[in-house]
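Student: Can you look at this prediction? I've put the sequence above it.
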Amino acid sequence: MTDRTVHKSPSAGGVSHYLTDYSVARGQFSWQEARRALAGGESRLNMAHEALERPIGLGLGDRVAARFIDRNWNRADLTYAQLHLRACRFANILRSLGLGRGAAVATVLGRGPELFIAGLGTLKAGNVFCSLFSAFGPEPLQTRLQLGHVRVLVTTESLYRRKVAGIRAALPELRHVLIVRETPQGDLPADTADFAQLMSRAPETYDSAPTRDEDVALLHFTSGTTGKPKGVTLTHAAVIAQHVTSQLVLDLHPGEVFWCTADPGWVTGIAYGLIGPLTCGASMIVDREEFDPQRWYRILEEERVNIWYTAPTAIRMLMKAGTALARGRKYPHLRHMASVGEPLNAEAVTWGLEAFDMPFHDTWWQTETGAIMIANFPACEVRAGSMGRAVPGVEAQVVRRAEGGGLEVIDSDDQAGEIALKPGWPSMFSGYLEDPERYRASFLEGWYLAGDLARRDRDGYFWFIGRADDIIKSAGHLISPFEVESALMRHPAVAQVAVIGVPDPICGQAVKAFIELRAGFEESEELRRNIMGHARRLLGAAVAPREIAFKESLPRTRSGKIMRRLLRARELGLPEGDLSTLEGRE
Ligand code: 6R9
């Protein structure tokens, strides 16, 4: 891989890197020290406090915390001081609603100031913040609002009417819905309150709740292969790891312009689109529009972005739009580019060199890890195609489940195994909501098992192989085949269904459904379209299948479980593996 290795200088653009020598940084690192550097000797720790009052205390109050750019290129800035006052107002709203500490507050919002205000205000008040993907349809929203016992929801008028009004009756625990109006006129929907009006009346001082390291701060939903989505809880202590990695991996210095393109409906959009960068005093760019190559290059140039954190699907779309387009603008301020969420192929890394004169740096983590765990660091050589090395303070290995049920650490560099992390980093999830059994099952012999397959070379670089389960990653979004199957099953023509991810040159994987029709239904183009429409309405376009294939019968185990693995192998022309449990075989 030496031909694909990109060597780095110890500084870029006159800024000295937080991590210059990997071994030294690893050797010196301690989480206790990191906590002390962030929060001093205080026994309390509050994410919003670290994200707002701390930078303000360091003299950054007048700096731009976030700049929101809309479709017409209107730019709206919030300084740290302004964002703080608004977060205080929101915390006071929650207090006035009589919400107890620890109750969940959710948002279904696009990338706008209200999401920042509601998120930080919720954390300040000691409530649990849950940011839900605004492109979800009513079905996934209902499941998550129910599972999370969400008491307060902040959303826009149009999202409410389209997605929440119809499920409201099924959500008795949802006491308050605060509406962000898109137009000042007209009546609000029944049983909702006006966000702006409440904000204007709320006081602008609020002492952050005296939360402790172990108190739950964030609730993120992630996908399982069976059953309901998993509610992953992260504690206030996660801010320590989000801060440390924002420095060591993303290299965010105070005043630098940072653009994280992830949607706040997913973990990256909160850890590195909200909390981490604020704790570093960075100025965030928030684009309210959807992906568009010309728009993105204009943002990188005009906003003088210093550091850019994006995802492989976006990079592949930019590659497709052509290097010349990227070269049409100049990026003298850009000094570091990183990627997360899906495998970043070596071609994408080196395309960075062609288009921007610098490589993309891959990083690996999960909702459950709460912060980046494996990374290519700005000052270190980049091994194109590799996810990089373990972050200081993180012990990562590749392991194999041994015959006897235990674990074996794989030390040879060519063998595949599962990524395992030794608990002890502060952003490790504290539980799966109401599923302690599943939480316990994620650990074995003192390791957290990530469910991803990889190999680790002798220098400690991790190379991604695939997931150990059926979960689909499409355009960076984790999608549960089970959730898609459940929605499809509700269509009157569907008798059986199996959903898998199939390779897609842009999105990594695309959702494909195999459907067995009920007696009396004939396969036709019209029926296919009808089922597609049904899925999009319930699930939202980002989750619904892209492709539907009708099958006479689906492969099942003798116990009746549909074998997604076999469908996938057949789809990809791979060996079919062990078929001993396949129904109809002797
Ligand atoms: C942050 C985030 C986690 C899953 C993870 C893995 C995949 C993330 C990756 C990657 C290959 C990378 N993943 N980073 N695969 N290379 N650099 O994405 O969290 O939504 O929970 O997804 O994403 O499969 O297990 P989450």
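Tutor: Perfect, thanks for sending it. Residues are numbered from 1 along each chain as shown.
Student: ok, now how distant is the residue nearest to Q28 when sequence neighbours are not counted from W73?
Tutor: Of all residues beyond its chain neighbours, the one nearest Q28 is P392 (7.8 Å), with distances taken as Cβ to Cβ, 6 or more residues apart in numbering. For glycine as for every other residue, the C-beta is placed from the backbone atoms N, C-alpha and C. To W73, P392 is 40 Å away according to Cβ to Cβ, to the nearest Å.
Student: Name the residue in those two with the higher neighbour count.
Tutor: P392 (22 against 11; other Cβ atoms under 10 Å).
Student: these two touch, right, that one and F29?
Tutor: Yes - P392 sits in contact with F29 when judged by Cβ atoms under 8 Å, with a separation of 3.7 Å.
Student: Would you mind measuring the gap between the ends of stretch 43-61?
Tutor: Distance across stretch 43-61, first residue to last, is 25 Å (Cα to Cα, to the nearest Å).
Student: who in this protein is up against the ligand?
Tutor: By the rule Cβ under 6 Å from any ligand atom, the part of the chain lying against the ligand is 222, 266-268, 340-344, 362-367, 387, 450, 452, 464, 467, 473, 478.
Student: What strand or helix carries V497?
Tutor: Using DSSP states H and E, V497 sits within strand 494-504.
Student: Which neighbouring elements make contact with that strand?
Tutor: strand 472-474, helix 481-489, strand 508-517, helix 564-572 (3 or more Cβ pairs under 8 Å, 6 or more residues apart in numbering; DSSP states H and E).
Student: Let's see that with 10 Å instead.
Tutor: strand 472-474, helix 481-489, strand 508-517, helix 525-539, strand 547-550, helix 564-572 (3 or more Cβ pairs under 10 Å, 6 or more residues apart in numbering; DSSP states H and E).
Student: Same list (the ones you listed) but as a markdown table, adding mean neighbour count.
Tutor: As requested, the helices and strands packed on strand 494-504 are exported to a markdown table (neighbours: other Cβ atoms under 10 Å):
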| stretch | mean neighbour count |
| --- | --- |
| strand 472-474 | 22 |
| helix 481-489 | 22 |
| strand 508-517 | 22 |
| helix 525-539 | 17 |
| strand 547-550 | 16 |
| helix 564-572 | 17 |
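Student: Format these as CSV; extra columns: distance to G431.
Tutor: Formatted as CSV, these follow (distance: least, Cβ to Cβ, whole Å):
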stretch, distance to G431
strand 472-474, 23
helix 481-489, 21
strand 508-517, 28
helix 525-539, 26
strand 547-550, 36
helix 564-572, 27
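Student: what's around Q185, how many residues?
Tutor: Using other Cβ under 10 Å: Q185 sits among 5 other residues.
Student: again with the one 3 residues further on
Tutor: Applying other Cβ under 10 Å, we find 16 residues neighbouring L188.
Student: how much space is there between E485 and R54?
Tutor: For E485, the distance to R54 - Cβ to Cβ - is 45 Å.
Student: same check, this time on L85
Tutor: On the measure of Cβ to Cβ, L85 and R54 end up 16 Å apart.
Student: who has more neighbours, these two?
Tutor: R54 (22 against 17).
Student: Right, I'll call it a day here.
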